[in-house]
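Peer 1: fold the stuff below for me.
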Amino acid sequence: MPAIIHEPARATTIACEVDCCIVGGSCTGVFAAIQAARLGLRVAIIEIHNQFGGVATARMVNVWHSLFNSQGDQQIIGGLTEDVMRRLERRQALIERADNNPSWQFCFNPAELACELDEMVAEHEGIRPFLHCRMVSAQRDHQGAVTHIIIEDKNGRRAIACRYVIDASGDADVVRRLGLPTRAPVDAQPPTMAGIIEGIAWLNQHQPGFNLNRTLFDPANPRALSRGTLWTAPLPGSLTQTMVFGTRVHGVNCADADDLTRAEREGRAQLRRIVDLLREKHGAHTAVNLTAIPASIGIRETHHVHCLHQLTEQELLSGEAFPDSIAVGTYRVDIHHQGGAGLTFRYLDGREIVTDGIGGSRERRWRSVHAPTPPCYHVPYRSMLPQNVPNLLVAGRHIDADRGAFGAIRVCVNCNQMGEAAGAAVALAQRGGLAVAEVKAEQIRSVLGRDRRLS
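Peer 2: Model (predicted):
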């Protein structure tokens with residue numbers, strides 16, 4: 001047992017009283033705040049970093065997947081996801097693909113997105129932001145409802161009194177602080193540290209036969225990266241810099257403080273090794289530079305909350321249209337395996353592609369070629385409702401989903417929709433004096449302007 005100390009009891013100042021407190025300022029949390037504020041709620045939003053946007057800004061993952069159905073002939077996702085992309089387009093901070101690519105439709109400048117989210121929050125007087133702020137505890141009343149979120153920031157330890165709470169932390173921070181059950185997979189998808197590297201475009205232009213993967217994963221080089229998966233994206237507004245996503249940190253639980261520390265340091269070390277490998281192999285010592293690293297490593301998976309329904313891969317890939325659907329998506333099932341053992345992709349059209357992490361891949365079908373392809377998959381409201389807490393919702397990658405379903409729903413465009421639905425749900429709950437589980441999904445869809453099937 002670790003040694004312990006006993007802290008003296010303290011009186012905690014209440015920083016504000018709000019209708020809804022949102023823990024986590026990713027786009028999921030911001031979109032929840034905006035929807036709730038638009039419907040008249042006073043909202044507090046807590047973010048640990050210096051900026052809103054989460055994975056898309058602080059972690060610099062600058063691509064979002066398609067807003068169209070699986071056939072690419074009908075737009076099925078809009079709302080704040082489309083709104084913010086159009087705002088970036090007006091600032092020339094966006095690249096949009098015209099094809100129906102399964103990987104991404106939008107590529108954006110993360111710094112511009114952070115600034116845009118600031119503006120969107122500022123446009124709603126009902127939102128009080130807390131940056132550089134950590135949620136450290138929560139209090140419940142005798143009926144099990146959350147009454148206060150305890151925070152710590154530069155002003156010390158304070159409390160936010162609230163009627164409803166949305167856990168948009170990504171790691172189920174509120175749920176775990178309350179002692180509610182969660183599930184932590186032993187084979188959780190490993191995190192990736194992104195980076196902006198200058199000079200890759202120069203190498204493509206000036207080094208005939210240059211291949212980034214061959215350079216970084218060369219088995220003949222003892223300093224090469226362990227075989228995994230590498231992809232890059234352009235940085236809108238720059239002709240010389242490239243977003244690189246090639247690091248993997250295996251065997252860590254990023255919801256554990258010590259493991260997270262190790263993951264952050266190892267991710268940065270791998271980024272520097274990428275630059276060193278490029279310089280050593282191609283003699284580009286002045287052309288290749290690491291110009292930016294994210295505020296934190298990109299975490300794919302930690303905890304899943306036990307909710308009223310666990311979304312399964314079978315439900316997702318069959319396109320089951322739940323009566324309580326509140327979000328849709330088409331992004332493939334995308335599972336990054338532990339230990340550098342490659343990836344598994346499963347598509348709505350029945351294809352499965354498995355890479356082995358050392359350059360090989362195989363393709364097969366998980367469903368008959370004659371079976372119809374669903375236009376999209378659905379996320380049910382029940383998968384966002386923790387059990388036995390009447391005023392708590394979860395939104396984001398920690399909702400209740402099995403391994404395969406999680407591999408699809410975890411991406412930003414899907415989580416954004418969950419945030420919007422959560423914001424609408426708490427507003428409807430307050431309006432009717434209801435528990436969040438009593439809110440009808442058709443009411444949420446009506447508020448968000450979506451029809452019954454969300455398609």
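Peer 1: wait, doesn't residue 58 sit right on residue 49?
Peer 2: Yes - applying C-beta atoms under 8 Å as the test, residue 58 and residue 49 come out as touching, 4.5 Å apart. Where you see a C-beta, it was placed from the backbone N, CA and C, and this is true even at glycine.
Peer 1: would you list every one of the strands in the stretch 101-250 of the chain?
Peer 2: 106-108, 127-130, 134-140, 146-153, 156-167, 182-183, 195-198, 231-234, 241-245 (DSSP state E, counting those that start in this stretch).
Peer 1: tell me the contacts of the closest residue to residue 24 other than its chain neighbours?
Peer 2: Leaving aside its sequence neighbours, residue 24 sits nearest to residue 168 (C-beta to C-beta, 6 or more residues apart in numbering; 3.6 Å). Applying C-beta atoms under 8 Å, 6 or more residues apart in numbering, we find residue 168 in contact with 22-26, 28-29, 32, 394-396, 419, 422.
Peer 1: now residue 354. Nearest residue, chain neighbours left out?
Peer 2: Using C-beta to C-beta, 6+ apart, the nearest residue to residue 354 is residue 344, at 5.1 Å.
Peer 1: returning to that earlier point: which of the contacts of residue 168 count as buried?
Peer 2: Listed as buried from these are 22-26, 28-29, 32, 394-396, 419, 422; burial here means 16 or more other C-beta atoms under 10 Å.
Peer 1: can you pull the contacts of residue 55?
Peer 2: Taking C-beta under 8 Å, 6+ apart, one finds 26, 61, 170, 298-299, 412 in contact with residue 55.
Peer 1: quick revisit: any chance of the contacts of residue 168 in a markdown table, plus pLDDT and secondary structure?
Peer 2: Below are the contacts of residue 168 laid out as a markdown table (pLDDT from 0 to 100; DSSP: H, G, I helix; E, B strand; the rest coil):
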| residue | pLDDT | secondary structure |
| --- | --- | --- |
| 22 | 99 | strand |
| 23 | 98 | strand |
| 24 | 98 | coil |
| 25 | 98 | coil |
| 26 | 98 | strand |
| 28 | 98 | helix |
| 29 | 98 | helix |
| 32 | 98 | helix |
| 394 | 98 | strand |
| 395 | 98 | coil |
| 396 | 98 | coil |
| 419 | 98 | helix |
| 422 | 98 | helix |
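Peer 1: just name the closest of these to residue 197, please.
Peer 2: residue 26 (24.6 Å; C-beta to C-beta).
Peer 1: how deep is the nearest residue to the closest one once chain neighbours are set aside tucked in, by neighbour count?
Peer 2: Spatial nearest neighbour of residue 26, chain neighbours left out: residue 54 (2.7 Å); criterion: C-beta to C-beta, 6+ apart. The number of residues packed near residue 54 is 31, by other C-beta atoms under 10 Å.
Peer 1: for residue 54, give me phi and psi.
Peer 2: phi 60, psi -120 (degrees, to the nearest 10).
Peer 1: what's the per-residue pLDDT of it here?
Peer 2: With respect to pLDDT, residue 54 scores 98.
Peer 1: where exactly do the strands run in the stretch 301-450 of the chain?
Peer 2: 304-305, 325-329, 333-336, 343-346, 351-355, 361-365, 377-380, 392-394.
Peer 1: so what's residue 53 up against?
Peer 2: Neighbour list for residue 53: 25-27, 30, 110, 113-114, 117 [criterion: C-beta under 8 Å, 6+ apart].
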